[in-house]
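J.: mind looking at a prediction? Sequence and model below.
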Amino acid sequence: MTSTFVGIDAGYENRWEAEKIALELHDTVLTTARTVVVHEVESHYAMSFLLPVPPSDAVVNSLVEQGFGVAVRSASSGRLAGPDALRAGASTAAEAHQYRREGRALRFQGQRSLRGRHGVSDILAFTAIEAVLPRGTHTVDTRGNLTPFFQDGKLVLVID
């Protein structure tokens with residue numbers, strides 16, 4: 001199965017605002033996204049989505065009409081759309097997600113099963129999270145909201 005990475009940029013200066021819009025887009029337009037990530041791009045925030053299939057032209061056009069810069073990346077093709085000033089940020093976000101360089105995951109596979117206290121071995125076995133820091137942590141109280149991030153090609157959860 002191929003994957004498609006969609007980067008979206010509207011120049012949000014506030015991470016909270018970018019996260020809110022990313023979740024709204026996931027709930028309404030990009031509902032098949034397996035992973036939703038917010039990235040710091042230069043001096044603002046952009047978002048990216050991992051989709052099982054490329055979005056339709058209608059979806060891309062709708063995003064552009066809303067003022068977003070859009071980048072669609074897959075193994076075989078790429079596409080940029082929207083305002084020139086936002087295309088680069090959208091492309092950077094999609095690439096950062098594709099290569100798992102950086103970004104904060106708001107939605108990821110297995111997330112819905114994480115309520116309450118869980119053993120690290122279960123988190124690693126049943127979710128997209130690939131590492132939990134600090135090493136030696138045995139259990140995690142999810143408090144209903146975990147936001148792992150990409151680091152060194154892995155989705156990492158840091159426990160405070």
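T.: It's in.

J.: phi, psi for the residue nearest the centre of the chain please.
T.: Nearest to the mean C-alpha position of the chain, counting by CA atoms, centre = their mean, stands V37 at 1.9 Å. Backbone torsions of V37, given as degrees, to the nearest 10, read phi -130, psi 140.

J.: so it sits against F150, correct?
T.: Yes - V37 sits in contact with F150 when judged by CB atoms under 8 Å, with a separation of 7.1 Å. Backbone N, C-alpha and C define where each C-beta goes, glycine included.

J.: so which elements touch the helix or strand where R73 lies?
T.: Per DSSP states H and E, R73 falls inside strand 69-74. Applying 3 or more CB pairs under 8 Å, 6 or more residues apart in numbering; DSSP states H and E, we find strand 69-74 packed against strand 4-12, helix 57-65, strand 78-81, helix 84-98.

J.: what angle do strand 4-12 and the last one make with each other?
T.: Using axes from the mean of the first three to the mean of the last three CA atoms, to 10 degrees, the inter-axis angle of helix 84-98 relative to strand 4-12 is 130 degrees.

J.: between V37 and F150, what contacts are shared?
T.: Taking CB atoms under 8 Å, 6 or more residues apart in numbering as the contact rule, V37 and F150 both touch A96, H97, G103, A105.

J.: and the residue sitting furthest away from the middle of the chain, what are its phi and psi?
T.: No residue in the chain sits farther from the centre than G136, which is 26.9 Å out by CA atoms, centre = their mean. Backbone geometry at G136, expressed as degrees, to the nearest 10, gives phi 90, psi -10.

J.: domains of the chain?
T.: Listed domain ranges for the chain are 4-104, 111-158 (source: automatic domain parsing).

J.: scan the shared contacts of V37 and F150 and report the most crowded one.
T.: With neighbours taken as other CB atoms under 10 Å, the top of these is H97, carrying 27 neighbours.

J.: surely that one touches T35?
T.: Yes - if you go by CB under 8 Å, H97 and T35 touch, sitting 7.3 Å apart.

J.: now for these two: what residues contact both?
T.: Counting by CB under 8 Å, 6+ apart, the shared contacts of H97 and T35 are F49, L50.
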